[in-house]
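J.: Let's see this in three dimensions:
(chains A, B, C and D)
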Amino acid sequence: MSQSPYLRRESAGTLASSVRLAGRTSPIRCHLFTTDHRAIGRLYLWLALLSVAIGTILSLLMRLHLTWPERVLPFHGPVLPEDYLALVTIHGTLMLFFVLTTAPQSGFGNLILPSQIGARRMAFPLINAVSFWVIAAALVVLLSSTFVPGGSPISGWTAYPPLSAVPSAGPGQGTGIDLWLASIALFAIGSTMSSINQLVTVVRMRCEGMTWGRLPLTVWAWITASMLSILAFSVLLAALLLLFCDRHLATSFYLPVGDVVNGTLRAAGSHNGSPLLWLHLFWFFGHPEVYIAILPGMGLTSMILGNFSRRRVFAYRTMITTTLLIGFLGILVWGHHMFVAGLNPFAGTAFSISTIAIAIPAAAKVLSWLATIWRSRPSYTTAFLFSLGFVSLFITGGLSGPILAQPILDQYLHNTFFVVAHFHLIMAMAGIFGLFSATYYWFPLLANRTLHEGLGRIHFVGSLLGAYATFLPMHLTGLAGEPRHYAQLTSIPNAAGDLLARTLPLNRGITWAAFFLAGTQLVFLANLLLTLWRGPRSSPNPWDATTLEWHPNLSESDFGLLPVVYREPSQYAYQNGEARALPQWIDPALLPSAPSTSGDRGVS
Amino acid sequence: MHRSLDLLLSALFNARDIWRLPVDGSLHGALLDRHLLLNLWIILGLAALAHLLLLAGVLFARDRRAGTESISRTVRLEYLPLAFFTLLFSWLTLRAERLWALSRYTGAEPTALQVEVTGMQFAWYFRYPGQDATFGRVEPALLDPGAGNPLGIDPADSHGKDDLVSSELVLPAGREVDLRLRALDVIHGFAVPEMRVKQNAVPGQTIHLHFTPTRPGTYAILCTQLCGLGHYRMNANLRVLSASDFEHWLHVRESRGTT
Amino acid sequence: MLSTSSYAQGCTQCRDNAAATPIATQHAYRTAILLLVGVAFGIGSSVVLVGRRFR
Amino acid sequence: MPATYTPSKPDLDKSRLHDNDNGAGRRPPTDKRTGGGGEGDNWQSRPQGQRGPRERLGRYRMGLFFALAGDLMFFIAIVSVFFVARTTGHFDAYNRYINEWLPTAIPPVLWLNTAVLLLSSVTMELARRRMFHEPDVMEEWFGLGRPISRRSAPWVAATLCLGLLFLAGQALAWKQLAMQRVFFASNPSSHFFYLITYTHAIHLFLGIGGLMLALWGLYASRQLETRQILVDCAAWYWHSMGVFWVFLFLLLAYFQ
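T.: Numbers count the residues shown, from 1 in each chain, chains lettered A, B, ... in the order given. Got it, this is the predicted structure:
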């Protein structure tokens, strides 16, 4: 393995292509207004990093206020209930849209997806750049809602009307929520454009030999998520439009007759809308959105477990099928958010069954992961550890899903902290672990350097302990009856005060754990900065990976060469107990004495 | 078989302290709790098993090559467990649906006590129909909390004259109650953890919810759907009284109302 | 004891149930849900079919 | 630990050189090779992204189709709300069941508009066909001027005019309704009438932008394929808006 010029030329190649496209060497043009997919991917990741930092600080403020409401924050004064709800809303919106959707789907999607299918660029580079800037504008609009009279909206990321439709329903429900609407509409448009781009890239731009069966599972996840994005975000856009009309054009799609908010009779007379319509449209988007956030993590975990176990991903074809199946079933299950929302009870039963059905492909994935690593002597890199963490969190968070999918149990658990625990484990924490895994794994492609493994391990152990310490006890406070969205648990009158006070000791523990979890992330930030500053240069294919993004000459394909693919990913030849990686791009004719390595099925 | 399962489950009832469930004060709560605890133990077991497999798989090394797949291995490791999960989840869903149908598919008994529950930012109001057993007409335009008419009962309707409006829900133990949930402004969530019920009150809709409180005591009624800045303190008391105490309470309230 | 308010039931409940979900509305919801799901499924399947064409 | 096979020189040489063919030159823009011949000549077996002149066109067309699929979901979402709202009633204070839905009378001019829009689809299809007329393509490739642009542009311009006519007709319809005191906020059914016609009009404005871009491209762009893409995508978009309109219009006319 001679010293490959690949990595040093990589940035040069990127620069060159940007220069060629931008026409000038101004660094702003190169890095900010670039149409190069890697540069755009990096921009997405910076945007997500900024959002996750803000979102985490907001969540810590929420925990602080929830457990010690009498505390006065420096520079702020007392936290009012509406401030707490604004924190909830912006935390949810930031994390779900600007972190869990952009980072795995658009960030790593841009950085890695074209390389993984052997394409030189995305199908529509310009549209790619535009969609980034639309999403960046969405972030700016969202954050600007803090600075308008009334402050940020207080109706949560789900923005149920009439609370979100009537300006008098609370502070922040005036200009604040208008900005929120604008932000989400922009985000929907940007995401749809970016998804179309990815879908076309995968369908049309695969290199020679890259058949559907040979696509890495990450790519399968990305295109399934893209498909869901196209379907779901359009419906969200329609829902937002109707809400906008209700707010400003005196219609009443979501407002019933005789709705009296804050003493003012609204929609008097002749209109009869229903808030349930919003719930239907929103969750038709909202549930696929959850899969958009988590599918890339599932794909990546599969690939990383295979890579570091030096094995073919167990039941590869089934993994592809289950990815698609989760995508399709994901369209069918939105009603499980509405079991107690006033739906026909028969609809509850129907949605319950479709929801339970989705547990089966999810379970298939877990089984496949377990079988892939089973007694395989894996190498414990940080990326692998985070993938293991993903599996663990996915199991723990996922298993409470079937409980919540049973309407009779949801009748007790709906909107309690049990639900908060469930979706934070399976979506937020598993999603973040997937992102960390991706970061540690692909950092050599991001910055030509390798993140420090020792710090990475500390980061992993801290994060895993922190995640479980924070979110496992939430199941218990939820079972004890603690509802979501409560600004405080103390000094509440009536029997409710006693009920909530009982959860307080556990909640204090959760807050401490949350601070520990957030503090651990400082290790990651330190690792990131240290590595960017003076980290070790990475070797061309430091993980002995088999997928195309590690092709040593890929970056030079700008100048003419495209790889050819000969086999599925994660193929290995076993000799004397050693596993040799057979990258997808190596011609079988060039392999020295490889008796049983040909074909897609691997070694049998 | 079923008997022994019941025995096991009842043993696990004492585990309520582990799971921190509040006491159950309703008739249907016992079955719900049992199903919930069954679920919780199953997922705890599955989670533990999966993590054991994960750890064992990582810690006990073997030949890497042994991990390659064959058809029999795929069936054994993937499809057999999947078939098991399908059966398990179907069984749980079936049990759950039976309970769901029991509580939601049919309305309350004709003899059930009628109470109307109205949610508004940020309070619950409870209305009893009074002697004539009929709720008076309400009109949004007549809403006037300052004048003691928070629900907008139409004074022109004779049915409304004897309606009792209370800020706490008082129920007799052992009698089914049929709640009619309404919301004036935004969506509210009517939840009584100790009664194991929860149902959103949606403006523009009247939604029925019925259950039977069995255990006298004072319980919390919460709002579980984000309804604005006062959401966290939108609550009320549910007082479950013995039948005679309830009759007494109703009598006192009614005589106070007419005088 | 049952006397005080046991007569409210009969008609009020059927009226309220009807108010909550008239048959026509139920039907409309069903149509709407099928429409949304059907089109989404159609689009999803055609994406898969398009993918198969471009092997 | 040579766990990865590093490709050697011959390996790299084996990867085929990518031909940067964008349809602008070197090869006729319509491919006449039959395939089945020598190495790499079989068009269909060649890798994605390198199938020659129509490749970029196909990519843009597919992107547009995915976008239109999303757009279809947008309209379907509105239509499904339409179906629900149409039948939703409520009980008033006197326990009467009230359904406020009063069907909005369709201004007759909409029938004319529909005809205009359908006609514009025909002209657009003519423009699109002209872009792929092979004798003309060859003529241009031989350097005999730009007959394609010349023959297609009038049809695009005609579509543009018809599109503007349609929008003017819609504006007339809105004005007629306003004169009958039917506004956006008047009634649940008028909500939908205006919502559907407005959103469709916004889509048509985008389409008109696309047509103007195509018209400008026909004169400004030197690459034939770029012009083909512009006209082709504008045409498919325009056709879809026509189909959407017929669907929405029938909904408003017969299913209110």
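J.: pLDDT of the one helix or strand residue A:470 maps to, averaged?
T.: Assigned by DSSP states H and E, residue A:470 belongs to helix A:453-479. For helix A:453-479, mean pLDDT is 96.
J.: Sort out which residues of it are buried, please.
T.: The neighbour-count check on helix A:453-479 (16 or more other Cβ atoms under 10 Å in any protein chain shown) flags A:455-456, A:458-460, A:462-464, A:466-471, A:473-479 as buried. In this view, the C-beta of every residue, glycine as well, is placed from N, C-alpha and C.
J.: Can you name the next helix or strand after that helix?
T.: helix A:494-501.
J.: Please report the distance of residue B:90 from chain A.
T.: Taking Cβ to the nearest Cβ, to the nearest Å as the measure, residue B:90 falls 8 Å from chain A.
J.: Now do the same contact list for the closest residue to residue A:466 other than its chain neighbours.
T.: Spatial nearest neighbour of residue A:466, chain neighbours left out: residue A:517 (3.0 Å); criterion: Cβ to Cβ, 6 or more residues apart in numbering or on different chains. Residues near residue A:517 by Cβ atoms under 8 Å, 6 or more residues apart in numbering or on different chains: A:462-463, A:466-467, A:469-470.
J.: Is residue A:132 inside a helix or a strand, and which specific one?
T.: Since the elements are taken from DSSP H and E, residue A:132 ends up inside helix A:125-144.
J.: Hmm, I typed the wrong one, I wanted residue B:221.
T.: strand B:217-223.
J.: Walk me through which strands that strand pairs with, and which way each runs.
T.: strand B:188-192 (antiparallel), strand B:236-241 (antiparallel) (DSSP bridges).
J.: tell me the most buried of those strands?
T.: strand B:188-192 (a mean of 28; mean count of other Cβ atoms under 10 Å in any protein chain shown).
J.: which residues touch the strand holding residue B:221?
T.: Here strand B:217-223 has contacts from A:481, A:483, A:494-500, B:23, B:25, B:119, B:122, B:124, B:169, B:188-195, B:231, B:234-240, using Cβ under 8 Å, 6+ apart.
J.: Buried residues of that strand, list them for me.
T.: B:219-223.
J.: what's the answer for stretch D:152-166, then?
T.: D:152-153, D:155-160, D:162-163, D:165-166.
J.: How is the closest residue to chain B within the stretch 201-350 of chain A assigned, secondary-structure-wise?
T.: Distance from chain B to each residue of the stretch 201-350 of chain A (Cβ to the nearest Cβ) is smallest for residue A:256, at 2.3 Å. State at residue A:256, reduced to three classes by DSSP: H, G, I helix; E, B strand; the rest coil: coil.
J.: State the phi and psi torsions of it.
T.: When read as degrees, to the nearest 10, the backbone of residue A:256 gives phi -80, psi 170.
J.: How about the contacts made by it?
T.: A:162, A:267, A:272-275, B:203-205, D:90.
J.: which of these come close to chain C?
T.: Filtering those for proximity to chain C by Cβ under 8 Å from any Cβ of the partner chain leaves B:205, D:90.
J.: Next, please give the residue ranges for the helices of chain C.
T.: Under the criterion DSSP state H, chain C carries helices at the ranges C:9-20, C:23-53.
J.: For burial, what's the neighbour tally of the residue nearest to the residue of the stretch 201-350 of chain A closest to chain B when sequence neighbours are not counted?
T.: Leaving aside its sequence neighbours, residue A:256 sits nearest to residue B:204 (Cβ to Cβ, 6+ apart; 2.3 Å). When neighbours are counted by other Cβ atoms under 10 Å in any protein chain shown, residue B:204 registers 26.
J.: Quick check, pLDDT for residue B:204.
T.: Looking at residue B:204, the pLDDT reads 86.
J.: Apart from its chain neighbours, what residue comes closest to the residue nearest to the spatial centre of chain A?
T.: The centroid of chain A falls nearest to residue A:100 when counting by Cα atoms, centre = their mean (2.5 Å). In this structure, residue A:100 finds its nearest non-sequential neighbour in residue A:293, 3.8 Å apart by Cβ to Cβ, 6+ apart.
J.: So for the helix or strand hosting that neighbour, what gets flagged as buried?
T.: Secondary structure from DSSP H and E places residue A:293 in helix A:275-309. For helix A:275-309, burial by neighbour count (16+ other Cβ under 10 Å) applies to A:275-309.
J.: how far off helix C:23-53 does that helix point, in degrees?
T.: 30 degrees (axes from the mean of the first three to the mean of the last three Cα atoms, to 10 degrees).
J.: other SSEs contacting the helix or strand just after helix A:275-309?
T.: Later in the chain than helix A:275-309, the nearest helix or strand by DSSP H and E is helix A:316-330. Packing contacts for helix A:316-330, counted by 3 or more Cβ pairs under 8 Å, 6 or more residues apart in numbering or on different chains; DSSP states H and E, involve helix A:217-248, helix A:275-309, helix A:345-373, helix C:23-53.
J.: The ones you listed into JSON lines, with extra columns for mean pLDDT?
T.: What follows is the helices and strands packed on helix A:316-330, written out as JSON lines (pLDDT from 0 to 100):
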{"stretch": "helix A:217-248", "mean pLDDT": "95"}
{"stretch": "helix A:275-309", "mean pLDDT": "95"}
{"stretch": "helix A:345-373", "mean pLDDT": "93"}
{"stretch": "helix C:23-53", "mean pLDDT": "86"}
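J.: What is the nearest of the contacts of residue A:517 to residue A:172?
T.: residue A:470 (27.0 Å; Cβ to Cβ).
J.: Grab the nearest non-local neighbour of the closest one.
T.: Nearest to residue A:470 is residue A:513, by Cβ to Cβ, 6+ apart, at 4.3 Å.
J.: tally of neighbours for the one you found?
T.: When neighbours are counted by other Cβ under 10 Å, residue A:513 registers 21.
J.: three-state assignment of whatever residue of chain D ends up closest to chain C?
T.: For chain D and chain C, the shortest gap (Cβ to the nearest Cβ) falls at residue D:80, measuring 3.5 Å. Judged by three-state DSSP, the three-state class of residue D:80 is helix.
J.: okay but it is in contact with residue C:38, surely?
T.: No. Residue D:80 is beyond contact range of residue C:38, at 10.1 Å (criterion: Cβ atoms under 8 Å).
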